[in-house]
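Trainee: take a look and give me a structure for this.
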Amino acid sequence: MLGMVGEGGIQAGGSFAVFAGGSDAVAPHIAAFVKQSTGANDATFNGTYWAVGISSDPTDMGKWLSFVGTVTADGATNMNYASTTENLEGAIGPNSGPDTYSVAGDGTLTTSGGARIGAITQDGRFAFLCGDTQGMGPPLLFLFIRQ
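Mentor: As a prediction, the model looks like this:
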């Protein structure tokens, strides 16, 4: 990331990396990278994943939400979020709920009927969601690591 100040790490084999940082001259930032897959499909996202995430809802006065918990994917387009801690502007508690997903051949991961987008590694060990495909969706970053 040319011109960025920060540090990161790459998973052995090079399929997943994270980079974060900032300085007085550069805004705080975090980025996740996944090596493009070939032949991925819905079954690639399968199992129980540790999950962390953060998002902001611009339609609700920009309220921020953080999430720590698990996501279970069945390998057939169904997933379930179960937080151990969810913090919505200081309101802390557990939360859970179902969602749907799809995985394209190149590893593109979409959830919520295609509204959120990210990627998954070829072996399905690491995944992330990084944004919304619709005009007013919230900025977000969710990282998933298979248990």
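
Trainee: going forward, measure contacts between C-alpha atoms and count neighbours the same way
Mentor: Noted.

Trainee: extract the C-alpha trace of stretch 44-56 and format it as CSV.
Mentor: These are the backbone C-alpha positions of stretch 44-56, laid out as CSV (Å, rounded to 0.1, in the frame of the first residue of the first chain):
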residue,chain,number,x,y,z
THR,A,44,-15.7,-23.3,0.7
PHE,A,45,-17.4,-21.3,3.5
ASN,A,46,-18.1,-24.2,5.9
GLY,A,47,-17.7,-24.6,9.6
THR,A,48,-17.5,-22.5,12.7
TYR,A,49,-15.4,-19.3,12.5
TRP,A,50,-14.2,-16.9,15.1
ALA,A,51,-15.5,-13.5,14.1
VAL,A,52,-14.8,-9.8,14.8
GLY,A,53,-16.4,-6.9,13.2
ILE,A,54,-17.1,-3.2,13.2
SER,A,55,-19.7,-1.2,11.3
SER,A,56,-21.4,2.2,11.2
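
Trainee: got a list of contacts for that stretch?
Mentor: When contacts are defined by Cα atoms under 8 Å, 6 or more residues apart in numbering, stretch 44-56 is touched by residues 62-75, 103, 120, 122-124, 138-147.

Trainee: got it, and stretch 24-37?
Mentor: The contact list for stretch 24-37 (Cα under 8 Å, 6+ apart) reads 4-5, 14-22, 105-107, 119-122, 127-128.

Trainee: just to revisit the earlier point, among the contacts of stretch 44-56, name the ones in helices.
Mentor: In helices, defined here by DSSP state H, there are no members of the contacts of stretch 44-56.
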